[in-house]
Each structure stands twice: as C-alpha cells, then as structure tokens.
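Enquirer: Just the structure for this:
(chains A and B)
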2 protein chains.
Amino acid sequence: MKQISGGVCAAKGFQANGVHCGIRKNKTKRDLALIVSDVPANAAAVYTQNLVIGAPNTVTKSHLENGVARAIICNSGNANTCNADGIEVAEKTCDALAQTLKIASDDVVVASTGVIGQRLDPTPIINALPELIQGLGDHGDLAAEAIMTTDTKPKEIAFEFTVGDKVCHVGGIAKGSGMIHPNLATMLVFITTDCAVSSQMLQKALSKDVVDTFNMTSVDGDTSTNDMVVVLANGLAGNKEITACGSDFDAFCQALNAVTVWLCRQIAGDGEGATKLLECAVTGAKDLPTARKIAKSVICSSLTKAAMFGADANWGRVLCAIGYSGAEVDVTKVDVAFRSAKGTVTVCKKGAGIDFSEEKAKEILLEKEIDILIALGDGDGNATAWGCDLTYEYVKINGDYRT
Amino acid sequence: MKQISGGVCAAKGFQANGVHCGIRKNKTKRDLALIVSDVPANAAAVYTQNLVIGAPNTVTKSHLENGVARAIICNSGNANTCNADGIEVAEKTCDALAQTLKIASDDVVVASTGVIGQRLDPTPIINALPELIQGLGDHGDLAAEAIMTTDTKPKEIAFEFTVGDKVCHVGGIAKGSGMIHPNLATMLVFITTDCAVSSQMLQKALSKDVVDTFNMTSVDGDTSTNDMVVVLANGLAGNKEITACGSDFDAFCQALNAVTVWLCRQIAGDGEGATKLLECAVTGAKDLPTARKIAKSVICSSLTKAAMFGADANWGRVLCAIGYSGAEVDVTKVDVAFRSAKGTVTVCKKGAGIDFSEEKAKEILLEKEIDILIALGDGDGNATAWGCDLTYEYVKINGDYRT
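Expert: Numbers count the residues shown, from 1 in each chain, chains lettered A, B, ... in the order given. Have a look, this model is predicted:
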C-alpha cells in the first residue's frame, strides 16, 4: 500500500469539482462540491446519531437504500436543517443534478454543512450546476475546498493497494473543524474507490472502521446534525468483486483504514482554533471498550485540552479524566507519559506523581503533535483517540459564528 | 423562610475562621479554613464519583461512618491527591486538629482543593492551628475566602426557617470554579444547621437534594477528584429531632434547597472565566430523567456556551445539544426561547426556526444572567440546570494553572 495523490479522483472513473455558487457571501470561497462516478457505484454510509437530523441526511439515507449511487453533491454555508422545507430543497437539488447528469435522482447523495435553521434557497445551487458539471475532472482538491467551513485547510488523501492481482485505489476528502465528537459520522467525509466491493461488504467495512476512527475523534464534544461518511465503490479496478470476508476484504479494509485514520488526524489537528493535534493512546486495558472509553474521555476533557494549549504537563487532569470516564480501572496501576518529536516524559507511575524535568516536559509539549500515553497494566485492550487543544481561538470562532 | 447573614455561622453553635498558613505562595491569600460546632453534630456527605479519589475524601468518608462530626478543616492550594502519602497527611492533619480541639480524630472532616499529584506538606497546616483556632468566631466569610481557588468571589448564604415552633438556621459556603460537572459533589460545599435532624434523615435530605442541584451544575464537564458536600446538624435550635419523613422534614429540605440552589447559581456564574450565568429550564418532558438529561446536555455544550459568550442567538446549537443528549424526544415539538432581564425572545417553534428580531435577541443575550427555555410539549417533566459561558479567560486560566 502506498500513498498517492488525487484524493477522491485517485480511483479510476471518478471526477470532481468545486465552485462558488453564492450561498456564501465571500466570492473567493467555493461552496458547492460535486463528485461523480462514470458508472454506478456501490455505496455505504454512516450518519450522525443526533436526533435532530439534517434534511440532506434524511434524503441521502433514503436514496442509498438500494446501495447504489453515482454522484455526491455538497454545499457549505447552510446546513439545510430545522427548516420546514428542508427535505423539499434537498430533493429539488438532487432532481436538478440528476436531470443534468441524466442519472436517476435516487443515485444522488446530498449533503450540507453550515448554520442550522436558516432556509436554504436551492436557486444558486441549481444555477451553478452547468458550470459545476462542465468543470468536472481531476479536481478532488476543489471539492475538498468547497466543503470547508471553518477548516483552515482542505483535507484529501489517497492510497494505492492491491486486491488479488489488481491495483486498486481509495481516496477521501473531509470537512471537519467544530462539532466533531464520537458517535458516528460527526463530520462530512466522502471516500471513493475503484475496488469492486458489494454494497453489503462496503457497509460492513465502513461500519467496522468508524468505531475506531471517526467515533474516536473529538474536537468539542458536540455532535452535529448533518454529518455523514459516504463511500462509493465503482469496481473499475477490475478485481473480483469482494462479496465475503477473506484476504481481499482485509486488504480493502486496511486501505480504507489508512484513509480514515489520516483524515481523523487532519480533522482533529484542524479542529476549530486548534494549535495542536492530540493523540491519546491507551494500552493494557482489561478490554477494548474500556480502552476506548478512557481514550475518549481524556481527549474530550476541557481541562486537559486547555493544559495542552498551555504546554503544561498537568497530568492530574489526565488521571482525573480517566477517573470519570465511566470505565472500570484500577487507578493505582496507571502510568502516564507525554510524547512528541522532542522525546518522551513519564509523569505518573502507578497512579502517583513522579519527579520529572518540567523543562523537558515543556519542550515536549510545545510541539504541534502530542501523544498522551496511558498504560493501564490490566490486560491487552488498546485504543487510540484523536483531539485537539482548547484555545482562545475556539472561543472566538464560536462566539460569533453567525456574524 | 428568609435570607439572613452569617453563612456557616448563622446556625447556633457554629464558629469558623480562615487564615493564610503558607500552602499558597501569595501571603494575602487565605488557604486554610476551619468550621467547628460547639457540640457533636449529625453529619451527612456526598462525594465525587470520580474513580480517582482525593486522599482527604477517603479519610472523611471513613470518619463519617458513624454519622457524627464536630469540625471541618479544609486547605486550598493543594488537592493532596495521587500522592503516595496522601492518606497519612490527611490523617495527620485530623489528628493534630483533634488534639488541639480536644475532640476525637474521627469527628474531623478533612478536605483539600488545588493541584493534583504534588505532595502536601502538613507542617504549615499544623503550625497554623493555634492561630486558626484562636481566631474562631462569627467568621464564615473568612472560611469562605480560604477555600477559594480560581473563584473570583467567596460564596456564602444562610436562611432562617421554622420547624414546629422553633426557629432554625441553615447556611453554607462553597468553592466552585473549574471542574464543576454533574454527578455528585463536584466541588466543595460545607453546610451547617442548628436544626435537629438524625444523621440518617440528614443523609436522605442531602442525597435527594444534590440530584437536582449540584448534579445539575456544570462549568466544564470535568468532575474533580476531591469534591464533596458536607452537612453538619448540631440540633441547638431545640426542635424535636427529625427522624422521619413529614412536614418537619419537608421544611428542612426546603431550607436546605434554598441554600444549595443559591450556591449552585453562584458556582455556575463564577465558573472559570465565566462572564454569564446560564440557566437552562426544560419543561414538558415526558418524564423527569428526560428533562434532566436535556437540561444538562444544553448547559454542557461547548458550542452553546461559546455562542452565549458572543451573545449570539444561535439556537441551532441548543437544538443540536437536545438531539445528542441521549434523551428520547420528538424534535418537531420543541420550542426554544432566550430570556433575561431585558425580556424574552422565542427563536424556535416546533423544531424549526421562526422570524425574530436579532437586535432584540442581542440585547437580551448581552445580559449577565441568561435563561434558555426549552418546552418539549410532551408531558410534565421539568428540570433546571446551571452553567456558564465558555470564554477566552477559561482557556487562559486552564492553559497555565500550575505556573
């Protein structure tokens, strides 16, 4: 498996584009993305678990019931959620795109991100369709840009892998930033592959994958109403279709995981206002759910996040977050260390503080990527969670998001 | 029932004091508090549910097994938690105080608050005991001051009430600020009363009360390791001891609740870096647990808290927090309004946005006390939760707490 360029267009038969259609006032900001497969693709998706569900999510869910899709259209700047005519607007968008592309309306995945509760006028979207479609090509980068909200940089990645004797490709783009929190989807992620996978196995791969990737990623503990992860597999790599578990399925899952882990790290590191990517690696838990609970709890602790912003080795807050995680854990066995490119410093052994160099700890914590290492000495359950520090900028962004 | 002055010294037979003993470097900051009852008092307590438990909590829990106490000693500046000799230090403190006061060591409640994982040297505490005891008197205010950490103001309150034909008093002090979050205790609160209540009924009253008061108060979602609420009842009001449910017990519970609700509001409004007190009142839930879940979820949402800081009527975030609360709720029935001294603005009806004056909303949200009113139209479950906004200052305080 090797990393390649091309994002969602790295896989054969996928084209993309991103334009400014006018939902956002800033004309230099692209706000409409399109990804199209040359042929019908098997599709799988996971959605937000928030009970308040964005209209686009409802429409997409119904369109994907048959496990097939051809196109993904996504706007930023308005979530089309909590509006009386939300479903209608989302369907109108799908219909217009389907008509222009000459495909079935239920082969369209529709997604929106932005402010909740303001009516989305579909007119700018519909008017922009000719330009959007005409510009389709190897432009995954433009699509990645068009789905951004408060993200500071587009997020795209792709990998090449083999299934049997066939070379396959899988690539993805993501929109992250705020409202990123464990429990399903929690952001917009679009993944394409030319690997031939049945829609059933595609769903299985995705559902399994998100548990340890997107569900272990948190920016602020808020779960959004609109988030989804969609995978399209068009089969153009020519491998024997994966219809069951086995080595081919494993190879696909591994490649998918390379994409999702990379995107999770990007999403966490580019969390609203973030200056640091935090990775919390828990080892030695009595079981996997315990490891996951603890890793998530630490990555979500406002106090730990603020301490990391201040490069303060305040490990008591890490221990505290372990203690209220809800996991059963023997705190007298817990070791904690901080690690970065500058080295590793152990700060707590068997649940108690040990002498360490504050100077060394500061040097380590001033880096941009910090690992919080927690060893529980209680079994072989391991889990990793990703998050970011809590900063002035987060408060600033969210104090006046709508203005 | 009427509000009176005196705090923890409002009840007959209680004296208090607060001094600077030297745990904190700043000599103008009192860091040691003492509350003493002239006679043995019945005692009840609730403690943090964090699995990492402060040494003082462990010692206090064991001392209160017999339901009786005479004195409360509390230091700020060091939590005495996650230290190998924590229990020993806490016991040494109790022993020294008991010896000087000529009471039993297990009649002492000990509490600590401050940084975790740094050894607490008991010497300054022990050396300060003569001064601390000599100064005992009507000094609940000094005790309230001495338990503060990043609190910006001391918190004390008292009420007068009657049980039968006897006038009783109940008063309390609290230390709040960071790490304030639902699920037990979550801060230091000391309450005294001269009402005669059996320790069993005292525990019943307290345990019942905290569910809708301290457990519904959140500053940052972090539950501390050291927090406790302790009530001492010395019976000097002379009423017939309350040993069972009935109108006397109800009168006591009501007075206790007046103290705890006032302290909750103070703790929330003085949360770390807070500029606003937020009260979330949920009505019309299908049952009480649903109402509580939703009120807590909204008050804990970082995005809602940041929006309130920015006086931004971004009600989508409120709806979003309702949606991920874990409560079963029909979002198409939800109404949301914001209220303050400047008036009320309804922003969402039946789960959808309605037209409202942004100008009026801004005026309302610029106030220091904001009510978020959520009507679910689904039953008669009501609950209230208290919190605060998320500000630059919170990040600043917690980015360099130890330095």
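Enquirer: drop to CA atoms for contacts and neighbour counts, all remaining ones
Expert: OK.
Enquirer: biggest helix in chain A by residues?
Expert: In chain A, taking DSSP state H as the definition, the longest helix is helix A:247-269.
Enquirer: State the mean pLDDT of stretch A:366-379.
Expert: In this model, stretch A:366-379 carries a mean pLDDT of 96.
Enquirer: contacting residues around that stretch?
Expert: Applying C-alpha atoms under 8 Å, 6 or more residues apart in numbering or on different chains, the external contacts of stretch A:366-379 come out as A:275-287, A:311, A:329-331, A:333-342, A:364.
Enquirer: Can you report phi and psi for A:Leu319?
Expert: Main-chain torsions, A:Leu319, degrees, to the nearest 10: phi -60, psi -40.
Enquirer: Tell me who's in contact with the closest residue to A:Lys305 other than its chain neighbours.
Expert: Excluding the flanking residues, the one nearest A:Lys305 by C-alpha to C-alpha, 6 or more residues apart in numbering or on different chains is A:Asp389, at 4.3 Å. Applying C-alpha under 8 Å, 6+ apart to A:Asp389 gives the contacts A:Ala274, A:Thr275, A:Lys276, A:Leu277, A:Leu278, A:Thr304, A:Lys305, A:Ala306, A:Ala307, A:Met308, A:Phe309.
Enquirer: got any ranges where the stretch 101-250 of chain A has weak pLDDT?
Expert: Scanning the stretch 101-250 of chain A for pLDDT under 70 picks out the ranges A:177-186, A:220-223.
Enquirer: ok, 80 please
Expert: Along the stretch 101-250 of chain A, the model assigns pLDDT under 80 to residues A:150, A:177-186, A:219-225.
Enquirer: Strands of that one, residue ranges please.
Expert: Using DSSP state E, counting those that start in this stretch, the strands of the stretch 101-250 of chain A run over residues A:108-113, A:155-163, A:166-175, A:188-193, A:228-233.
Enquirer: Rebuild the ones you listed as a markdown table, extending it with mean neighbour count and distance to B:His20.
Expert: Putting the strands of the stretch 101-250 of chain A into a markdown table (neighbours: other C-alpha atoms under 10 Å in any protein chain shown; distance: least, C-alpha to C-alpha, whole Å) gives the following:
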| stretch | mean neighbour count | distance to B:His20 |
| --- | --- | --- |
| strand A:108-113 | 26 | 54 |
| strand A:155-163 | 22 | 54 |
| strand A:166-175 | 26 | 52 |
| strand A:188-193 | 28 | 54 |
| strand A:228-233 | 26 | 56 |
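Enquirer: Would you agree A:Gly316 falls within a strand?
Expert: No - assigned with DSSP: H, G, I helix; E, B strand; the rest coil, A:Gly316 falls outside any strand and is helix.
Enquirer: residues near the closest residue to it other than its chain neighbours, how many?
Expert: Spatial nearest neighbour of A:Gly316, chain neighbours left out: B:Ile116 (5.1 Å); criterion: C-alpha to C-alpha, 6+ apart. Neighbour count for B:Ile116, taken as other C-alpha atoms under 10 Å in any protein chain shown: 27.
Enquirer: In this structure B:Ile116 contacts B:Asn78, no?
Expert: Yes - between B:Ile116 and B:Asn78 there is a contact under C-alpha atoms under 8 Å: 6.7 Å.
Enquirer: Please list the residues of the stretch 1-150 of chain A that sit near chain B.
Expert: Counting by C-alpha under 8 Å from any C-alpha of the partner chain, the stretch 1-150 of chain A comes close to chain B at A:Gln49, A:Asn50, A:Leu51, A:Val52, A:Cys82, A:Asn83, A:Ala84, A:Val115, A:Ile116, A:Gly117, A:Gln118.
Enquirer: The same query, at a cut-off of 6 Å, please.
Expert: Residues of the stretch 1-150 of chain A lying near chain B by C-alpha under 6 Å from any C-alpha of the partner chain: A:Asn50, A:Leu51, A:Val52, A:Cys82, A:Asn83, A:Ile116, A:Gly117.
Enquirer: from these, which single one is nearest B:Gly135?
Expert: The closest of the residues of the stretch 1-150 of chain A next to chain B to B:Gly135 turns out to be A:Asn50 (C-alpha to C-alpha; 56.2 Å).
Enquirer: Distance check, the closest one against B:Cys264.
Expert: According to C-alpha to C-alpha, to the nearest Å, A:Asn50 and B:Cys264 sit 29 Å apart.
Enquirer: The two - which one has more neighbours?
Expert: Comparing A:Asn50 with B:Cys264 by other C-alpha under 10 Å, the one with more neighbours is B:Cys264, at 27 against 24.
Enquirer: nearest residue to A:Arg339 other than its sequence neighbours?
Expert: A:Asp371 (5.0 Å).
Enquirer: secondary structure element for that neighbour?
Expert: strand A:369-375 (DSSP states H and E).
Enquirer: strands paired with that strand, and their directions?
Expert: Strand A:369-375 has these partner strands in its sheet, going by DSSP bridges: strand A:277-285 (parallel), strand A:335-340 (antiparallel).
Enquirer: could the strands of the stretch 101-250 of chain A go into a markdown table alongside distance to A:Asp355?
Expert: Output for those, formatted as a markdown table (distance: least, C-alpha to C-alpha, whole Å):
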| stretch | distance to A:Asp355 |
| --- | --- |
| strand A:108-113 | 48 |
| strand A:155-163 | 40 |
| strand A:166-175 | 42 |
| strand A:188-193 | 44 |
| strand A:228-233 | 45 |
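Enquirer: Relative to B:Thr384, which of those is closest?
Expert: Checking these against B:Thr384 by C-alpha to C-alpha gives strand A:108-113 as the closest, at 31.2 Å.
Enquirer: what's whichever helix or strand A:Thr100 is part of in contact with?
Expert: Assigned by DSSP H and E, A:Thr100 belongs to helix A:86-101. Outside helix A:86-101, the residues that touch it by C-alpha atoms under 6 Å, 6 or more residues apart in numbering or on different chains are A:Ala55, A:Pro56, A:Asn80, A:Ala104, A:Ser105, A:Val108.
Enquirer: The longest strand seen in chain A pairs with which strands, and in what direction?
Expert: Under DSSP state E, the strand in chain A containing the largest number of residues is strand A:32-47. Using DSSP bridges, the strands paired with strand A:32-47 in its sheet are strand A:14-19 (antiparallel), strand A:68-76 (antiparallel), strand A:228-233 (antiparallel).
Enquirer: ok, and what's touching that strand?
Expert: Applying C-alpha under 6 Å, 6+ apart, the contact partners of strand A:32-47 are A:13-19, A:67-75, A:143, A:146, A:185, A:199, A:202-203, A:227-234.
Enquirer: Flag the shaky bits of the stretch 301-403 of chain A, pLDDT-wise.
Expert: Scanning the stretch 301-403 of chain A for pLDDT under 80 picks out A:394, A:396-403.
Enquirer: ok, 50 please
Expert: Where the stretch 301-403 of chain A drops to pLDDT under 50, the residues are A:403.
Enquirer: and it, which of its residues are near chain B?
Expert: Selection of the stretch 301-403 of chain A residues close to chain B by C-alpha under 6 Å from any C-alpha yields A:306-307, A:309-310, A:316, A:323-324, A:352-353, A:391-392, A:395, A:398-400.
Enquirer: Which pair of these spans the longest distance?
Expert: Across these (C-alpha to C-alpha), the longest gap, 41.6 Å, separates A:Ala352 and A:Asp400.
Enquirer: Of the two, which one has the most company?
Expert: The residue with more neighbours, out of A:Ala352 and A:Asp400, is A:Ala352; 25 against 17, by other C-alpha under 10 Å.
Enquirer: From B:Asp121, how far out is that one?
Expert: Computed as C-alpha to C-alpha, the A:Ala352 to B:Asp121 distance reads 16 Å.
Enquirer: likewise A:Tyr324?
Expert: 27 Å.
Enquirer: Which of the two has more residues huddled nearby?
Expert: Between A:Tyr324 and B:Asp121, counted using other C-alpha under 10 Å, A:Tyr324 has the larger neighbour count: 24 against 16.
Enquirer: okay, now the domains of chain A?
Expert: By the assignment in automatic domain parsing, chain A contains the domains A:2-269, A:277-399.
Enquirer: Thanks a lot, catch you later.
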